[in-house]
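Participant: model this:
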Amino acid sequence: MWCPCKSCGNQKRKTKKVMGEHLVNYGFTPDYTRWIFHGEAHRMRDEVVRQRIDECDAAGGIGDMLDDYEEAHFGEGPQEEEPEASTKAFYEMLEAAQKPLHGQTKVSQLDGIGRLMALKSQFGLSRDAFDSMLTVVGSMLPEDHILPKTMYQATEILSALKMPYEQIHSCPNGCILFRKEHEAETYCPKCKASRFLEVDAGDGQPKRQLTIPVKIVRYLPFIQRIQRLYMTEETAKQMTWHKKGVRYNPDKMVHPSDGESWTHFDEIHHEKAKEAHNVRVALATDGFNPYGMMAASYSCWPMFVIPLNLPPRRSLSMANHICVVDYS
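Facilitator: The predicted structure follows:
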């Protein structure tokens with residue numbers, strides 16, 4: 001549970017035994033008279049003294065996210081429900097990463113890593129170059145800094161933020177996906193095309209298959225990405241905008257929910273329409289060749305899954321996508 005000693009200040013989880021030792025050694029947190037972190041009653045946001053993580057939250061919004069987590073799991077009494085594993089790991093990472101890089105800065109560990117990762121992506125730095133950059137930056141910080149020393153350590157801290165994706169082999173002609181009952185197949189059962197690249201073995205021998213697939217589908221499961229939209233109070237409220245949002249110009253269509261198709265769906269499916277949190281999505285796709293200037297034959301066909309519940313400007317920015325890459 002959260003340790004209420006002066007040292008931890010209800011910001012660190014400890015066992016009951018360790019918590020007892022801390023209370024003896026450090027004393028009790030002053031002015032902690034309402035046990036909001038230990039299951040006492042319901043609480044309103046303006047009645048709570050926020051944890052002072054905002055002072056080192058350069059990215060913004062992290063403090064609200066942690067408040068939402070605490071209120072959800074510690075405002076209902078001592079019999080709170082244990083969060084789902086990936087959700088728990090996500091919040092634990094956020095909580096740990098709010099520590100400042102060192103004692104003389106307000107930049108959090110998470111924000112510092114994020115900025116350096118952005119530079120790596122922008123300039124295409126190699127792993128060795130990134131490790132060297134961390135070494136140089138770390139050498140200019142105070143000795144008590146907590147900036148990771150290697151890219152491996154940085155990615156470990158960010159691991160809970162990552163969303164999974166699946167690589168699925170596909171028939172070169174688009175007949176099937178090599179999954180489920182076709183997972184072990186090496187040739188398409190419909191058009192007999194090879195699942196993997198083939199090379200001439202020579203001496204009249206049949207072609208030999210390599211382990212490189214001809215075509216790959218990269219699938220980003222969007223259900224988990226939609227679930228993440230409900231992890232914070234702000235985005236959870238915005239997911240009801242289609243039903244509760246204010247239209248400043250009622251004479252114009254500003255959202256798909258203002259259209260006839262949306263209204264017609266609501267008339268047919270009354271129960272689904274009653275709950276504003278039910279998610280409605282749109283699909284969009286188009287092909288392009290990102291390597292056209294290099295005279296390469298690669299092509300991409302991304303499929304975008306767009307949650308329509310959000311306000312008009314945020315729907316596209318929060319779009320989840322399923323990317324299908326054609327290597328033919």
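Participant: distance between the ends of stretch 242-257?
Facilitator: 6 Å (CA to CA, to the nearest Å).
Participant: tell me the buried residues in it?
Facilitator: Of all the residues in stretch 242-257, those buried under the rule 16 or more other CB atoms under 10 Å are 242, 245, 255-257. For every residue, glycine as well, the C-beta is placed using N, CA and C.
Participant: kindly report the same for stretch 129-140.
Facilitator: Neighbour-count burial for stretch 129-140 [16+ other CB under 10 Å]: 130-131, 134.
Participant: now swap in stretch 212-228 and tell me
Facilitator: 213-217, 219-220, 222, 225-226, 228.
Participant: please enumerate the strands of the stretch 151-300 of the chain.
Facilitator: In the stretch 151-300 of the chain, the strands defined using DSSP state E, counting those that start in this stretch lie at 166-170, 196-199, 208-213, 215-219, 281-285, 299-307.
Participant: turn these into JSON lines, including distance to residue 30 and mean pLDDT.
Facilitator: Shown next, in JSON lines, are the strands of the stretch 151-300 of the chain (distance: least, CB to CB, whole Å; pLDDT from 0 to 100):
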{"stretch": "strand 166-170", "distance to residue 30": "51", "mean pLDDT": "91"}
{"stretch": "strand 196-199", "distance to residue 30": "67", "mean pLDDT": "90"}
{"stretch": "strand 208-213", "distance to residue 30": "62", "mean pLDDT": "89"}
{"stretch": "strand 215-219", "distance to residue 30": "52", "mean pLDDT": "87"}
{"stretch": "strand 281-285", "distance to residue 30": "49", "mean pLDDT": "87"}
{"stretch": "strand 299-307", "distance to residue 30": "45", "mean pLDDT": "82"}
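Participant: can you put those in TSV and add distance to residue 109?
Facilitator: As requested, the strands of the stretch 151-300 of the chain are exported to TSV (distance: least, CB to CB, whole Å):
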stretch	distance to residue 109
strand 166-170	30
strand 196-199	43
strand 208-213	38
strand 215-219	30
strand 281-285	35
strand 299-307	30
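Participant: that older thread, ok, so of the buried residues of stretch 212-228, who is nearest residue 28?
Facilitator: residue 228 (36.5 Å; CB to CB).
Participant: re the thing from before, out of the strands of the stretch 151-300 of the chain, which comes closest to residue 27?
Facilitator: Comparing those by CB to CB, strand 299-307 comes nearest, at 48.3 Å.
Participant: who are the packing partners of that closest one?
Facilitator: strand 281-285, helix 312-317, strand 320-326 (3 or more CB pairs under 8 Å, 6 or more residues apart in numbering; DSSP states H and E).
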